[in-house]
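Chemist: Pasting the sequence and the predicted coordinates here, then a few questions.
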Amino acid sequence: LPYDKRWEFPRNRLKLGIQLGAGCFGRVVKAEAVGIKGSGEPIKTVAVKMVRSQTNVAALEALASELKILIHLGSHLNVVNLLGACTKKISQGELLVIVEYCRFGNLQTYLINHRSSFINLSFWQYQTDPDATLNRTISTRDLISWSYQIARGMDYLASKKVLHGDLAARNVLLADDGVAKVADFGMAKKMYYEGKYEKTGQGLMPVKWMAIESLTDRVFSSQSDVWSYGVLLWELFTLGKVPYPGIDVGHQLTKAIQNGYRMEKPNYAPNAFGEIMTDCWKTDPKTRPTFNQLVGTIYSELESSVGTNYLNFNNPYETIKPSYVKFNEEKNDTAITTHLFGLAELLSEKSQLNSKLQCNSQTKENEVRYSLFPQRF
């Protein structure tokens with residue numbers, strides 16, 4: 001995938017702030033972008049992704065790949081959107097990827113922190129307090145809404161022939177107005193030809209979220225993302241519990257899944273969602289629902305008024321692209337022909353530097369810890 005230099009943002013107009021999260025090879029910081037186009041704000045709060053070590057070529061390549069995936073995706077309400085990038089010092093190991101700042105953090109942390117305030121109400125029992133500042137709880141309604149929004153985001157990825165590869169509650173961020181956004185495209189891939197990707201080599205993998213074909217044959221596709229989505233639903237309706245409790249990661253888990261083991265429907269999940277999870281975990285990827293079908297199924301679980309309001313909110317959002325970026329988003333996304341400042345050549349030069357520093361523990365970049373729904377506080 002190519003890079004369009006119209007996404008370039010001047011480094012001197014980006015003021016870096018506090019660290020929001022850090023992983024093995026990268027970190028995310030809060031920042032202020034002065035005059036970033038398309039935002040309509042003179043100073044916009046953003047999140048900036050960068051590598052931890054400027055000599056780590058593999059991490060730099062991964063971040064560059066994520067940048068190009070974000071450019072290819074364009075804008076959608078339920079995806080963390082790209083706002084710009086600083087690439088001019090990539091030969092020195094500096095690459096800054098500017099994305100939306102979702103100030104309420106990741107879904108997993110939010111669910112864990114608010115277990116005690118959860119209200120198990122059916123959709124029609126739930127009423128929003130006229131004084132939104134008093135609503136400090138979440139309910140079944142919120143879980144269904146988030147499941148719907150995440151399915152929409154993933155349906156958009158599938159339509160762009162992008163597999164996520166690491167879909168989990170920790171990689172969904174929460175923005176204003178209760179909007180859920182699929183994030184963390186560090187393992188995402190553009191699919192070609194048969195619509196699947198075969199992973200080669202070693203690396204840390206999200207085993208408990210992986211489909212059976214990914215565990216056994218290292219094959220990934222949008223349908224393996226559907227399996228992961230089923231696990232994410234289980235996380236949602238258990239309020240952030242770790243999947244497959246009591247089963248060791250590795251051979252024991254793979255063997256159990258091969259033998260037909262599937263997790264039970266969580267207590268808080270409506271019966272329809274238990275059926276959805278079962279469908280997502282079918283052994284044959286071809287028999288699993290598509291994300292487009294999941295959107296329709298879950299929409300039927302929502303009250304029509306809420307769904308209509310959501311869709312009306314989504315329409316204007318899809319026009320937020322920076323005015324100076326004009327993508328061909330029809331059939332040929334390869335219309336952007338400018339490559340990332342000779343990225344391959346620059347990274348080849350960088351590969352001669354010392355990049356042996358490795359981090360053995362697996363953490364996540366987006367483990368920011370704050371709460372959700374500003375209108376409720």
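Modeler: Alright, I've got the coordinates.

Chemist: if I look at Val231, how far off is Asn113?
Modeler: 20 Å (C-beta to C-beta, to the nearest Å). C-beta: built from backbone N, CA, C; applies to glycine.

Chemist: Excluding covalently adjacent residues, which one is nearest to the spatially most central residue of the chain?
Modeler: With distances taken as C-alpha atoms, centre = their mean, the residue of the chain nearest its centroid is Ala183 (2.2 Å). Excluding the flanking residues, the one nearest Ala183 by C-beta to C-beta, 6 or more residues apart in numbering is Val80, at 4.1 Å.

Chemist: Could you verify my assumption that the one you found touches Glu100?
Modeler: Yes - under the criterion of C-beta atoms under 8 Å, Val80 makes contact with Glu100 at 5.3 Å.

Chemist: When those two are compared, which one has more neighbours?
Modeler: Val80 (24 against 21; other C-beta atoms under 10 Å).

Chemist: Next one: Gly201, what pLDDT does it get?
Modeler: Looking at Gly201, its pLDDT reads 50.

Chemist: To clarify, my last question referred to Thr337.
Modeler: Among the per-residue scores, Thr337 holds a pLDDT of 24.

Chemist: now do Pro206
Modeler: At Pro206, pLDDT is 87.

Chemist: Spatially nearest residue to it (excluding sequence neighbours)?
Modeler: Computed as C-beta to C-beta, 6+ apart, the closest residue to Pro206 that is not its neighbour in sequence is Asp166, at 5.2 Å.

Chemist: Surely the one you found and Trp209 touch.
Modeler: Yes - the pair Asp166 / Trp209 is scored as a contact, 7.2 Å apart, by C-beta under 8 Å.

Chemist: Now for these two: what residues contact both?
Modeler: The contact sets of Asp166 and Trp209 overlap at Ser228 (C-beta atoms under 8 Å, 6 or more residues apart in numbering).

Chemist: which sections of the stretch 51-200 of the chain are below the confidence cut-off?
Modeler: Scanning the stretch 51-200 of the chain for pLDDT under 70 picks out the ranges 121-136, 191-200.

Chemist: could you pull out the strands for this structure?
Modeler: Assigned by DSSP state E, the strands in the chain fall at 14-22, 26-34, 43-51, 82-86, 96-100, 118-119, 138-139, 162-163, 172-174, 180-182, 189-190, 196-198, 219-221.

Chemist: tell me what the third one is packed against?
Modeler: In this structure, strand 43-51 packs against strand 14-22, strand 26-34, helix 57-73, strand 96-100, with contacts taken as 3 or more C-beta pairs under 8 Å, 6 or more residues apart in numbering; DSSP states H and E.

Chemist: Direction included, what does the second one pair against?
Modeler: Taking DSSP bridges as the criterion, strand 26-34 forms sheet pairs with strand 14-22 (antiparallel), strand 43-51 (antiparallel).
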